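Peer 1: The sequence and its predicted three-dimensional model are supplied below.
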Amino acid sequence: MRLILYIGLFFLSVTSCFSQPIDKELLALKQRMDSVTYFNATLNLKVDISFINMPNKQAKITYTKGKRMKIDTDDFVLLPKRGLDFSLNSLTEYPYITVDRGKEVKNGKLCKVLNIIPIDPKADFSIATVWLDQKSKRLHATEINTKKDGAYQMLMEYQKNKDILPEKVAISFEIEKLKIPINFLGKGTTIDKKKMKTEATKKGKIYLQLMYATIKMQGN
């Protein structure tokens, strides 16, 4: 009888968790971000990896809603898989729940902190944390724990209070999980292979700066 009671309590707990409403501020932010239908920009990229000396790179990027982002460059550009995902689409593609973690100051901004937890095994991440700038109604930072590509952290800066697209993005990631074609890193790049082998924890950062030429919003 006691075993049946425990199972019943567990079932009720799980059902309650899955049926809880999605955070309203997250839904409002997603709707705002989804209103961007197109943009193109010049992307300046700086790589900070201890054993890779790579000159700064530049590329042209074009985003059209519903399509994969296009990147045009004459040289190799190192970007993690989620490096240019400024929307919430990849985190909300499959059914999910949200958990309110309260407030936290992140890089000088007071943010609302939410966990996004997918409830469909098709999702390629196990849990994500998002920091919402409630005052400006936009995404301030994300931390995504993927199933195959390790963990990613993104911190965004905006030029104006009204902007929905970031001007600067700092991306942190795990080198071990990122498949880098060491022999094809482009012009002017050198590798310290000894340092690469001896470093216990291999992590890297990429700094992006975007200069938008065109931004189109839904209804404009």
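Peer 2: Received the coordinates, thanks. Numbering: from 1, shown residues only.
Peer 1: okay, CA-based contacts and neighbour counts for the rest of this
Peer 2: Fine.
Peer 1: Show me what secondary structure element comes after the helix or strand bottoming out on mean pLDDT in the chain.
Peer 2: Least confident helix or strand of the chain, by mean pLDDT, DSSP states H and E, is helix 2-19 with a mean of 43. The C-terminal neighbour of helix 2-19 among helices and strands, as given by DSSP states H and E, is helix 24-34.
Peer 1: And the strands in this structure?
Peer 2: For the chain, strands defined by DSSP state E occupy the ranges 36-48, 52-53, 57-64, 70-72, 96-106, 109-118, 125-133, 138-146, 151-157, 168-174, 190-191, 203-217.
Peer 1: The first one pairs with which strands, and in what direction?
Peer 2: According to DSSP bridges, the neighbouring strands of strand 36-48, each with its direction, are strand 57-64 (antiparallel), strand 203-217 (antiparallel).
Peer 1: Can you name the residues in contact with the first one?
Peer 2: Think strand 57-64. Here strand 57-64 makes contact (Cα atoms under 8 Å, 6 or more residues apart in numbering) with 37-46, 69-75, 77.
Peer 1: what does the last one give?
Peer 2: The contact list for strand 203-217, computed with Cα under 8 Å, 6+ apart, reads 35-50, 79, 166-176.
Peer 1: got the angle between that strand and strand 151-157?
Peer 2: 50 degrees (axes from the mean of the first three to the mean of the last three Cα atoms, to 10 degrees).
Peer 1: list the buried ones in strand 203-217?
Peer 2: 203, 204, 205, 206, 207, 208, 209, 210, 212 (16 or more other Cα atoms under 10 Å).
Peer 1: On the strand side of things, show who the nearest residue to residue 26 once chain neighbours are set aside bridges to.
Peer 2: The shortest distance from residue 26 to any non-neighbouring residue, by Cα to Cα, 6 or more residues apart in numbering, is to residue 132 (7.9 Å). For residue 132, the beta-bridge partners are residue 112, residue 139 (DSSP bridges).
Peer 1: And residue 132, how close does it get to residue 142?
Peer 2: Applying Cα to Cα, to the nearest Å, the value for residue 132 to residue 142 is 9 Å.
Peer 1: Same check on residue 99?
Peer 2: Residue 99 is 14 Å from residue 142, by Cα to Cα.
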